[in-house]
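Enquirer: sequence first, predicted model second:
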Amino acid sequence: MRRPRSEPASGNLFEAEAPRPLADRLRPTSLADVIGQDHLLGPDGPIRRMVESRTLSSLILWGPPGTGKTTIARLLAHETELHFESLSAIQGGVADLRRVFDAARERRAMGKGTLLFVDEIHRFNRAQQDAFLPVMEDGTIVLIGATTENPSFELNGAILSRSQVFVLKALDDGTLSVLLERAEAHVGRPLPLTDDAREALRGLAGGDGRYLLNLVEQVYTVRSGRALDVEAMGQVLTRRLPSHDKAGDGHYDLLSAFHKSLRGSDVHAAHYYAARMVVAGESPEAIFRRLACAASEDVGMADPQAMVQVITAWQAFERIGWPEGRLFLAQAISYVATAPKSNASYMAFEAATGLARETSHVPPPLNILNAPTKLMKELGYHSGYRYDHDYPDAYAGQEFFPEEARRGGTPELYRPNERGFERDIRKRLDYWAAQKASRRSS
């Protein structure tokens with residue numbers, strides 16, 4: 001495949017003859033050749049419309065590795081006739097930015113625009129990101145930033161307000177199949193794999209086109225008269241580490257999927273996401289913390305034992321450790337996922353917080369306040385208080401809310417449902433409400 005038109009050919013003969021990775025040799029030479037991102041680059045895609053109207057603005061390309069962010073940036077520079085500059089936020093600093101900006105200003109003075117591609121832009125700190133603002137504002141550069149992290153959390157709001165964020169998708173199985181076919185056409189012979197091994201190879205890529213082509217290169221090194229099956233291919237390939245950045249979105253995405261599986265009572269999915277995190281090297285404490293949150297927020301008083309189970313399993317894990325510790329983790333996951341669910345306690349505190357904000361200036365009723373001094377007794381503190389244990393069922397039916405907080409009736413903040421233990425709590429609350437009503441009327 002010919003060299004992409006957005007890359008100038010090297011003037012060094014030896015460099016031109018040097019071996020290049022298959023992923024580099026297969027780089028698309030036009031936006032039409034980029035696969036897997038039709039929602040952005042297809043006939044009705046927003047990036048395609050920008051190119052056709054010659055109104056390219058600064059962009060943030062957010063997506064997983066190997067989805068074409070660098071390639072798209074290079075081709076955008078070519079198709080809009082902008083000078084292409086590239087920086088890596090991992091290796092570059094303020095001095096590199098100044099050099100690029102100065103060159104872009106000189107170029108602009110001669111009527112030539114500059115597209116600056118910044119890979120891993122989220123690695124720049126806030127002060128470094130601020131350096132982009134003036135040159136974006138006055139049109140010195142068109143910024144194309146690439147990131148695998150959520151821009152909302154990692155990029156300055158000022159940069160986001162001057163850019164459009166586009167999300168790139170991981171390559172699906174069909175797109176990866178097309179990529180394999182392109183590789184075979186370029187090499188000139190089919191991959192020596194069985195159909196099952198070919199499918200497994202696409203699965204190993206995890207939606208990463210660059211990684212898939214790296215695997216293809218390894219497979220092509222095998223000189224065998226027969227097609228490799230899955231087991232034989234596994235012996236040839238190096239193992240791909242699970243995709244899970246403990247400091248980035250992968251970490252929070254899996255924790256979110258885990259928590260929602262617990263909440264949704266899908267014990268199978270809960271075990272799956274917990275196992276993915278363990279395989280990826282996640283701290284077991286992080287998983288137990290999420291279990292404890294779910295045991296309170298989503299199970300709550302529907303089964304108060306859920307919290308006991310989680311904390312007990314957590315303590316057992318800390319005492320015994322791996323590998324036996326996985327037994328305690330598994331038990332806690334099973335318990336929380338299959339427990340009856342109620343968020344009534346959580347919602348009660350949310351409602352109470354709202355009411356507290358509205359009535360924070362209101363003192364509690366005097367009768368439920370202690371009167372440690374003579375003056376306080378004279379002012380009515382503790383006067384009329386009824387000691388609940390002196391009454392049947394240890395319930396006196398007195399009022400604890402200040403008057404301003406119970407306009408329209410005593411607030412019912414905690415509303416248990418009919419699931420699990422909360423069914424019994426509901427009966428108690430209804431009984432006490434009836435007792436209070438009868439004592440008021442008597």
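Expert: Nice, thanks for sending it over.
Enquirer: quick check: domain ranges of this structure?
Expert: The chain resolves into domains spanning 13-167, 173-236, 249-338, 356-441 when parsed by automatic domain parsing.
Enquirer: hey, where'd the helices end up in the stretch 251-400 of the chain?
Expert: With helices called from DSSP state H, counting those that start in this stretch, the stretch 251-400 of the chain shows them at 267-279, 284-294, 305-320, 325-338, 344-358, 374-378.
Enquirer: swap in the stretch 101-250 of the chain?
Expert: Ranges of helices in the stretch 101-250 of the chain, per DSSP H, counting those that start in this stretch, are 126-130, 132-137, 151-154, 157-161, 173-187, 195-205, 209-220, 230-236, 249-263.
Enquirer: could you dump the ones you listed into a markdown table and include mean neighbour count?
Expert: (Each C-beta comes from the backbone N, C-alpha and C, glycine too.) Shown next, in a markdown table, are the helices of the stretch 101-250 of the chain (neighbours: other C-beta atoms under 10 Å):
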| stretch | mean neighbour count |
| --- | --- |
| helix 126-130 | 14 |
| helix 132-137 | 17 |
| helix 151-154 | 14 |
| helix 157-161 | 13 |
| helix 173-187 | 16 |
| helix 195-205 | 17 |
| helix 209-220 | 19 |
| helix 230-236 | 14 |
| helix 249-263 | 19 |
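Enquirer: in TSV, list the ones you listed along with mean pLDDT.
Expert: Below are the helices of the stretch 101-250 of the chain laid out as TSV (pLDDT from 0 to 100):
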stretch	mean pLDDT
helix 126-130	88
helix 132-137	94
helix 151-154	85
helix 157-161	92
helix 173-187	94
helix 195-205	88
helix 209-220	92
helix 230-236	83
helix 249-263	83
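Enquirer: can you lay out the helices of the stretch 251-400 of the chain as CSV showing distance to residue 428?
Expert: Output for those, formatted as CSV (distance: least, C-beta to C-beta, whole Å):
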stretch, distance to residue 428
helix 267-279, 30
helix 284-294, 25
helix 305-320, 18
helix 325-338, 25
helix 344-358, 14
helix 374-378, 34
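Enquirer: to residue 64, which of those helices lies closest?
Expert: Residue 64 sits nearest to helix 267-279 of all those, at 15.4 Å, using C-beta to C-beta.
Enquirer: so which of the domains of the chain is nearest residue 347?
Expert: Once the domains of the chain are compared by C-beta to C-beta, domain 356-441 is nearest, at 7.4 Å.
Enquirer: any idea how far residue 206 is from residue 64?
Expert: Per C-beta to C-beta, to the nearest Å, residue 64 is found 8 Å from residue 206.
Enquirer: compare the helices of the stretch 101-250 of the chain and give me the one nearest residue 281.
Expert: The closest of these to residue 281 is helix 249-263. By C-beta to C-beta, the value is 10.5 Å.
Enquirer: tell me the angle the closest one makes with helix 305-320.
Expert: Helix 249-263 runs at 130 degrees relative to helix 305-320, counting by axes from the mean of the first three to the mean of the last three C-alpha atoms, to 10 degrees.
Enquirer: show me what helix 249-263 is packed against.
Expert: Applying 3 or more C-beta pairs under 8 Å, 6 or more residues apart in numbering; DSSP states H and E, one finds that helix 249-263 contacts helix 267-279, helix 284-294, helix 325-338.
Enquirer: for the ones you listed, which has the smallest mean pLDDT value?
Expert: Out of the helices and strands packed on helix 249-263, helix 267-279 stands lowest, with a mean of 89 (criterion: mean pLDDT).
Enquirer: buried residues in that one?
Expert: Buried residues in helix 267-279, counting neighbours by 16 or more other C-beta atoms under 10 Å, are found at 267, 269, 270, 271, 273, 274, 275, 276, 277, 278.
Enquirer: repeat for stretch 40-48
Expert: For stretch 40-48, the neighbour count (16+ other C-beta under 10 Å) marks 40, 41, 45, 47, 48 as buried.
Enquirer: what sits against the first one?
Expert: Under the criterion of C-beta atoms under 8 Å, 6 or more residues apart in numbering, the contact partners of residue 40 comprise 46, 47, 48, 72, 166, 168.
Enquirer: give me the pLDDT for it.
Expert: According to the prediction, residue 40 has pLDDT 95.
Enquirer: fine, thanks again, bye for now.
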